[in-house]
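S.K.: the following block contains a protein sequence and its predicted model.
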Amino acid sequence: MTVAPGTDGEGLTDRSNFRMMRLAAYLQRIPNAIPAARPWSRGLPARSVFEMATVNGAKAFRRDEIGQLHPGYRADLLLPERETDGMLYLWPGHDPYAMALSEGGTDHIDMVVSRGRVSLDGGRIVTVDEARE
């Protein structure tokens, strides 16, 4: 079974994929929060949550050419700032998936590359003249 997070409408005020992934991880932990006969479970690993949102999202839409970074795939890539508010995403010894899931947000994105074209660089849209718009 393929599990991919998503929404069912535009009525949501916050459509941040980072918050959606964070919520999926947090909600999965709730049934395990009360100690029972089994030991404490930390829930889904952060990498699994990212896989649900990317690889499984592509599978849910039956799109074989997206969802992963592989030769021949359509690559949409978000690059976070190396340091935001003193939080180093790529600090050695830390899980970058867990750090991005717990601390990441759209305001931390420095560059976006879609289909080989840079559309956001240095946090600024480069495909549209913002001064004219």
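M.R.: That came through fine.
S.K.: verify the stated contact: Asp64 with Ala58.
M.R.: Yes - counting by CB atoms under 8 Å, Asp64 touches Ala58, with 7.4 Å between them. For the C-beta atoms, the positions are set from N, CA and C on the backbone; glycine is no exception.
S.K.: between these two, which one's more packed in?
M.R.: Taking Asp64 and Ala58 together and counting by other CB atoms under 10 Å, Ala58 has the greater number of neighbours (19 against 11).
S.K.: now the more buried one: which helix or strand?
M.R.: Per DSSP states H and E, Ala58 falls inside helix 55-60.
S.K.: Val49 now?
M.R.: helix 46-53.
S.K.: may I have the phi/psi pair for Arg117?
M.R.: Geometry field for Arg117 lists phi and psi as phi -110, psi 130, criterion degrees, to the nearest 10.
S.K.: which helix or which strand is home to the residue nearest the centre of the chain?
M.R.: Centroid-nearest residue in the chain: Phe18, 4.8 Å away (criterion: CA atoms, centre = their mean). Element membership of Phe18 [criterion: DSSP H and E] is helix 17-29.
S.K.: quick one: distance of that helix to the chain centre.
M.R.: Relative to the centre of its chain, helix 17-29 is centred 10 Å away, using CA atoms, centre = their mean, to the nearest Å.
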